[in-house]
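A.B. asks: compute the structure for the input listed below.
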Amino acid sequence: MKKITWPEGKRFAFTIVDDTDNATVQNVKPVYDLLYQYGLITTKTVWVYPPRDTYTGECLQDVNYLQFVRDLKSKGFEIALHNVGSGNFTTEEIARGFEIYCELLGDYPKMHINHAENPDSIYWSKARFCFPVNRFNTHSNKSGIPFSGENPESPYFWGETSKKHITYIRNKVFQDINTLQCDPQTPYREKKKEKYSNYWFSSSDGANVEMFNRLLSPENLNRLEAQGGCCILYTHFTNGFILEDGSLHPGFVQCVQDLSRRSGWFVPASHLLDYLQEQRNRTGFASPWRLAMNDFKWLLNRVLRKY
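C.D. replies: The predicted model follows:
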C-alpha cells in the first residue's frame, strides 16, 4: 500500500461518521461539543422525516434539532444522510426528502449511509458482496420486505436520486483502526453498481463506546500514526457515550483528548475521501479480486467480533 502524504505535514488522518439512530439534541450535543472543543470536525448523519418503526430519534422536521444540525454545519461538520427516515419510504417521499434536506440545509447530502432495516437501502445486504454470505445476510428486512433501493420496479426505488446527488456510500466495516490497511482502495467504484451509485468506502468499527475506546487505545493510535494511516471510524454516539447522569463517558473523553494532541488531519469524512481520490487519481473500477478480498476480511471480522 502506497503511503499517503497528508496535508499540513500531518502524520495520519482521522474522521468519524456518526449513525443517527435514536439521536436527539439532548443525547448527542454534549458529544459534539467535546469534539468541537478539541478540534475534531467530523460527519453526522440525519433523518429528514420522523421514524416510522421501532427506532426513535429526532429529525430535520424538529425545530430544535434542525437548529442544532445547522449549528454543526456552520462549524464545519458534514451532515450526511441515513436514508430519509427510519422505516418504509416511497420513491416520491425519498425524492421530496432530498428537496427538503436541500431547502433546510442549503445543499444536497454528499454521503449516504444505509439504515439497517429500510427497504429503500440501496445495494444492501447480499447485494453488498461479490459472493453470497448467507449466514449473515438476506435479501429482505425483518418484515420480509426486499431491500430494493436500486430496483426501478420497487416502490422504494431511488437509484436515480442516488446517482445524481450522492458521491459516497458506506459499505463494509473492519476492526482495525487503520481503515486503509483493511481496504487500500477506499473510496472505490463498483462496476456492477455503476448505474445507481458513484463511490463506496469502508470504515473502522467503533459501533458503541466500548468498541470506540478500544479502537482508539494508545497502542492503536501509536500504530496508526507510525503507519501514516487513515481511520474512518463508524459509530453511534447514542450507544453509551453519555452516561445516565448526563456526563460524558470518561474513557471517551480521554480518547478524544489523546487523539487531539497527536499530529492528525481531522476533517469530515467526505473531505477525507475527496483527498484520497485526488491523491490516487483513479478513474477505473475496483477489481473483482480486491472486492472479494474485502468480502473475506469483512466475514473474518464478523466472526472475530462474536468471540
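
A.B. asks: now the end-to-end length of stretch 46-59.
C.D. replies: When the termini of stretch 46-59 are compared using C-alpha to C-alpha, to the nearest Å, they are 6 Å apart.

A.B. asks: likewise for stretch 280-292?
C.D. replies: 21 Å.

A.B. asks: now swap in stretch 196-216 and tell me
C.D. replies: Using C-alpha to C-alpha, first and last residues of stretch 196-216 are 35 Å apart.

A.B. asks: for it, what is the average pLDDT?
C.D. replies: For stretch 196-216, mean pLDDT rounds to 97.

A.B. asks: repeat that for stretch 39-47.
C.D. replies: On average, stretch 39-47 scores 98.

A.B. asks: does residue 45 count as helix, strand or coil?
C.D. replies: strand (DSSP: H, G, I helix; E, B strand; the rest coil).

A.B. asks: residue 232 now?
C.D. replies: Using three-state DSSP, the structure places residue 232 in strand.

A.B. asks: what bridges to it?
C.D. replies: When assigned by DSSP bridges, residue 232 has beta-bridge partners residue 15.

A.B. asks: pretty sure it sits against residue 186.
C.D. replies: Yes: applying C-beta atoms under 8 Å, one finds residue 232 in contact with residue 186, separated by 7.4 Å. Every residue, glycine included, has its C-beta placed from N, CA and C.

A.B. asks: residues shared between the contacts of the two?
C.D. replies: Counting by C-beta atoms under 8 Å, 6 or more residues apart in numbering, the shared contacts of residue 232 and residue 186 are 179, 201-202, 273.

A.B. asks: show me these that map onto helices.
C.D. replies: Using DSSP state H, the members of the shared contacts of residue 232 and residue 186 that fall in helices are 179, 273.

A.B. asks: which of the shared contacts of residue 232 and residue 186 lies closest to residue 293?
C.D. replies: When the shared contacts of residue 232 and residue 186 are compared for distance to residue 293 (C-beta to C-beta), residue 202 wins out at 11.4 Å.

A.B. asks: and the closest residue to that closest one other than its chain neighbours, how far is that from residue 234?
C.D. replies: Distances taken as C-beta to C-beta, 6 or more residues apart in numbering place residue 183 nearest to residue 202, at 3.8 Å, with adjacent residues excluded. Distance of residue 183 to residue 234, computed by C-beta to C-beta, to the nearest Å: 13 Å.

A.B. asks: list the beta-bridge partners for residue 146.
C.D. replies: Residues in beta-bridge contact with residue 146 (DSSP bridges): residue 140.

A.B. asks: just checking, it touches residue 155?
C.D. replies: No: using C-beta under 8 Å, residue 146 is not in contact with residue 155; the gap is 10.7 Å.

A.B. asks: got TSV for the shared contacts of residue 232 and residue 186, with distance to residue 69 and neighbour count too?
C.D. replies: Conversion of the shared contacts of residue 232 and residue 186 to TSV gives the following (distance: C-beta to C-beta, whole Å; neighbours: other C-beta atoms under 10 Å):
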residue	distance to residue 69	neighbour count
179	25	27
201	22	26
202	26	23
273	21	23
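
A.B. asks: tell me the one of the shared contacts of residue 232 and residue 186 nearest residue 49?
C.D. replies: residue 201 (25.2 Å).

A.B. asks: averaged pLDDT, the helix or strand harbouring residue 69. What do you get?
C.D. replies: Element membership of residue 69, judged by DSSP states H and E, is helix 63-74. Helix 63-74 shows a mean pLDDT of 98.

A.B. asks: in that helix, which residues are buried?
C.D. replies: Neighbour-count burial for helix 63-74, counted by 16 or more other C-beta atoms under 10 Å, picks out 65-66, 68-69, 72.

A.B. asks: by mean pLDDT, point me to the weakest helix or strand of this protein.
C.D. replies: helix 288-305 (a mean of 84; mean pLDDT, DSSP states H and E).

A.B. asks: quick check, residue 234 in contact with residue 171.
C.D. replies: No: the pair residue 234 and residue 171 fails to qualify as a contact (C-beta under 8 Å) at a distance of 10.7 Å.

A.B. asks: residue 106 and residue 237, how far apart?
C.D. replies: 24 Å.

A.B. asks: so between those two, which is more surrounded?
C.D. replies: The residue with more neighbours, out of residue 106 and residue 237, is residue 237; 27 against 10, by other C-beta atoms under 10 Å.

A.B. asks: does that one belong to a helix or a strand, and which?
C.D. replies: According to DSSP H and E, residue 237 maps onto no helix or strand at all.

A.B. asks: may I see the buried residues of stretch 207-219?
C.D. replies: 207-209, 211-216.

A.B. asks: next one: stretch 100-110
C.D. replies: Result for stretch 100-110 [16+ other C-beta under 10 Å]: buried residues 100-101, 105, 109-110.

A.B. asks: now do stretch 47-65
C.D. replies: By neighbour count on 16+ other C-beta under 10 Å, the buried set for stretch 47-65 is 47-51, 55, 57-60, 62, 65.
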